[in-house]
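Everything below, folded, please.
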Amino acid sequence: MWRSLCAHALQIVCFAFARNDVVLRHGESVAGLRLHGLRMPFIRKKKRFGGRALGAHGFAALHQICPIIQITIPINIGYSMPYEKIKGRLPRFWSSTDFDSDDLTRYAEQFMIGEVSRGVSTLGLVTLVLFASAFVLYGLLEYSGVYLYSCTMLGLLSIHVIFTSARVQDTRALYLLCMTLIVVSGTAFVLIAHQEGNFSTALLPSVVVLFMVIPIVPWGMREGLAVVLLIYLVFTLSTLSVQGRFSSEDLLVLQFMMLGSAMVSLTILGRNVSVRKDDIRARYELEKAHQEMERLSYEDGLTGAWNRRYLEVQFKRVLRRMMERTPANIYFGLVDADDFKQINDAHGHHAGDLVLRKIAGSLRQALGDDAYVFRIGGDEYVILFQGDGHQPLLQQAIEELGKGSDEVPAVKVSIGVIEVKRPYDDIDLQMLLKEADKSLYQAKTRKHSQGDGLNCVAHTLLGV
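Numbering: from 1, shown residues only. Predicted coordinates for the structure are as follows:
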């Protein structure tokens, strides 16, 4: 009876002191603990205590509570050192733009330009209000002119930071601009203290405020630590460089207020970095999902070509992109499969689907990666491409389509092409479709007289 109670009590202690990050690993043989010759029933081969690993702290506690416990086989305890844990988590806080994906990192860098710009301008506005308020306060308290002069100069520097942050589009330059404002402000406070010979009740709160405004800017922990260290060194080295200038009481109070406010500021900063990185990742995944959904809505599900909706919505953008890429003329064509109904009737609809895919694939391969192939309905396609001539490219596609197989029968197509001359200011989609349809109709009327060769009718459309 007492052995059973001891066994259950020992199991409870194991649960109480278990640690998920420190694993007690047993060998390949059956592992267990013996309590004066009693094998514990809750320990099995390669199993953990109730789904949790027995931690090193828990195991040490078992020895303290029950010294009679003996280990019957060698045990390998893997320790997860605090340094390793910190090292693993540090990248999450170290920078706001470092991610495990290169695409996500580039997205974060672009996103942070606007965030840092707004953060720096906000810091400039906040410091401007603070320096203006300090100017009024020092005037009411009849402080010396050095206080008023310093507040005026720092206020002008804040205004400069506000206007400059709106024009700078580099995060490093914005960070340096912000560091300059904070460090110069700290230096001014130190110079006032040296001028007065002590840290007055007005200067000490200013030191705290200087640390507390740091989280306004979306730094990474790397930049935040650098700013905190710079401010700390400015105050510490300047006050200790002249012996006897400040009392030990003032120095102790200054150190306490700097270290305390720095700890609070860095804690807020680290939390902000973590939340910001989660927000960036969520934005990136949302935009990526939106782009994927948009792509699927523009893509023909059967052939992989662009669909009619993409042609109608993005035509002007596609045309502009082609104009910017090369000065060559643009060709707009309509492609229609000949006697496609007979292919469906003779070979089945599955073979018909394969033919439609083959037409789209052959056109893309022949016209090149810079061309556009649209399936606008049934067995009809629109092609949009550039080049010095259309016949060699289309001839290549016709030859490929003429090669049949057991699964995919050969197919002939009729093509109506419009060669569009520059400029393209008054060219719209409906006009091109209308003109290309005329050429396609002419090609259809002579399809039986062309044999297996290229059946294409083309004419030129002059831009206005």
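
going forward, measure contacts and count neighbours with C-alpha atoms only.
Fine.

Ile330 and Asp369, how far apart?
15 Å (CA to CA, to the nearest Å).

my read: Ser158 touches Gly124, true?
Yes: with contact defined as CA atoms under 8 Å, Ser158 reaches Gly124; the gap is 4.7 Å.

Just the element for Arg92, please.
Per DSSP states H and E, Arg92 falls inside helix 82-94.

cool, Val228 as well?
Counting by DSSP H and E, Val228 is part of helix 221-240.

Lys434: neighbour count?
For Lys434, the count of nearby residues is 11 (other CA atoms under 10 Å).

rewinding a little: so what does the helix holding Val228 touch, helix or strand wise?
helix 82-94, helix 171-196, helix 248-298 (3 or more CA pairs under 8 Å, 6 or more residues apart in numbering; DSSP states H and E).

Please repeat the previous calculation with a cut-off of 10 Å.
helix 82-94, helix 171-196, helix 203-212, helix 248-298 (3 or more CA pairs under 10 Å, 6 or more residues apart in numbering; DSSP states H and E).

Reformat the ones you listed as JSON lines; add distance to Asp103 and mean pLDDT.
As requested, those are exported to JSON lines (distance: least, CA to CA, whole Å; pLDDT from 0 to 100):
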{"stretch": "helix 82-94", "distance to Asp103": "17", "mean pLDDT": "59"}
{"stretch": "helix 171-196", "distance to Asp103": "18", "mean pLDDT": "90"}
{"stretch": "helix 203-212", "distance to Asp103": "34", "mean pLDDT": "87"}
{"stretch": "helix 248-298", "distance to Asp103": "9", "mean pLDDT": "92"}
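
Relative to Phe163, tell me which of those helices wins on proximity.
helix 171-196 (11.3 Å; CA to CA).

So which bits of that closest one are buried?
171, 174-175, 177-179, 181-194 (16 or more other CA atoms under 10 Å).

Could you do stretch 145-156 as well?
Buried-residue list, stretch 145-156, by 16+ other CA under 10 Å: Tyr147, Leu148, Ser150, Cys151, Thr152, Leu154, Gly155.

tell me which of those residues is nearest to Gly114?
Distances from Gly114 to the buried residues of stretch 145-156, taken by CA to CA, are shortest for Gly155, at 23.7 Å.

List the contacts of that closest one.
Gly124, Leu125, Thr127, Leu128, Val129, Leu130, Phe131, Ala132, Phe135, Tyr149, Val161, Ser185 (CA atoms under 10 Å, 6 or more residues apart in numbering).

Cross these against helices and list the overlap.
Among those, DSSP state H puts Gly124, Leu125, Thr127, Leu128, Val129, Leu130, Phe131, Ala132, Phe135, Tyr149, Val161, Ser185 in helices.

got a winner among these for most neighbours?
Gly124 (27 neighbours).

Quick check on Val417: phi, psi?
phi -120, psi 140 (degrees, to the nearest 10).

Skipping adjacent residues, who's closest to it in space?
Once flanking residues are discounted, Val417 sits nearest to Gly333: 4.1 Å by CA to CA, 6 or more residues apart in numbering.

Neighbours of that neighbour, how many?
Counted with other CA under 10 Å, Gly333 comes out at 27.

just to revisit the earlier point, quick one, which of Ile330 and Asp369 is more surrounded?
Ile330 (24 against 9).

how about the residue nearest to the more buried one when sequence neighbours are not counted, what does it touch?
Distance criterion CA to CA, 6+ apart; nearest residue to Ile330, sequence neighbours excluded, is Gln386 at 4.6 Å. With contact set as CA under 10 Å, 6+ apart, Gln386 has these partners: 322-323, 325-332, 367-368, 370-372, 419-420.

any idea how far the most centrally placed residue in the chain lies from Arg271?
The chain has Leu104 as the residue nearest its centroid, 3.0 Å off, counting by CA atoms, centre = their mean. As for Leu104, its distance to Arg271 is 20 Å (criterion: CA to CA).

If you count neighbours, what's buried in the helix or strand encompassing Gln342?
Using DSSP H and E, Gln342 sits within helix 340-347. Across helix 340-347, burial judged by 16+ other CA under 10 Å covers Phe340, Ile343.

what sits up against it?
With CA under 10 Å, 6+ apart as the criterion, helix 340-347 contacts 348-353, 355-356, 378-379, 406-413.

can we see that at 7 Å?
Identification of contacts with helix 340-347 by CA atoms under 7 Å, 6 or more residues apart in numbering yields Ala351, Gly352.

same deal with stretch 368-382?
300, 305-308, 333-337, 356, 360, 364, 383-385.

Now do the end-to-end distance for it.
15 Å.

next one: that stretch to chain centre, how far?
Stretch 368-382 sits 33 Å away from the centroid of its parent chain (CA atoms, centre = their mean, to the nearest Å).

Pull out the buried positions in that stretch.
For stretch 368-382, by 16+ other CA under 10 Å, it's Ala371, Tyr372, Val373, Phe374, Arg375, Ile376, Asp379, Glu380, Tyr381, Val382.

Among the residues you listed, which are located in strands?
Counting by DSSP state E, the buried residues of stretch 368-382 place Tyr372, Val373, Phe374, Arg375, Ile376, Glu380, Tyr381, Val382 in strands.

Not including adjacent chain positions, what is the nearest residue to the second one?
So that's Val373. Nearest to Val373 is Ile383, by CA to CA, 6+ apart, at 4.7 Å.

So that neighbour versus Tyr175, what's the distance?
In terms of CA to CA, Ile383 sits 50 Å off from Tyr175.

just to revisit the earlier point, the helix holding Gln342: how far from the chain's middle?
50 Å.

Which two among the buried residues of stretch 368-382 are spaced furthest apart?
Ala371 and Asp379 (19.1 Å).

Out of the ones in helices among the contacts of Gly155, the closest to Leu251 would be?
Ser185 (19.0 Å).

Please determine how far the closest residue to the closest one other than its chain neighbours is located from Leu128.
Of all residues beyond its chain neighbours, the one nearest Ser185 is Leu154 (6.6 Å), with distances taken as CA to CA, 6+ apart. If you measure Leu154 against Leu128 using CA to CA, the figure is 8 Å.

next one: Tyr284
35 Å.

List the single closest residue to Trp114 in space, sequence neighbours excluded.
For residue 114 the amino acid is Gly, not Trp. Gln169 (7.9 Å).

Over to that neighbour: give its phi and psi.
phi -120, psi 30.

what about it, how many residues close to it?
Residues lying near Gln169 (other CA under 10 Å) number 16.

what does Arg446 give?
14.

swap in Glu249?
9.

repeat for the one 3 residues further on
Around Leu252 sit 11 other residues, with neighbours defined as other CA under 10 Å.
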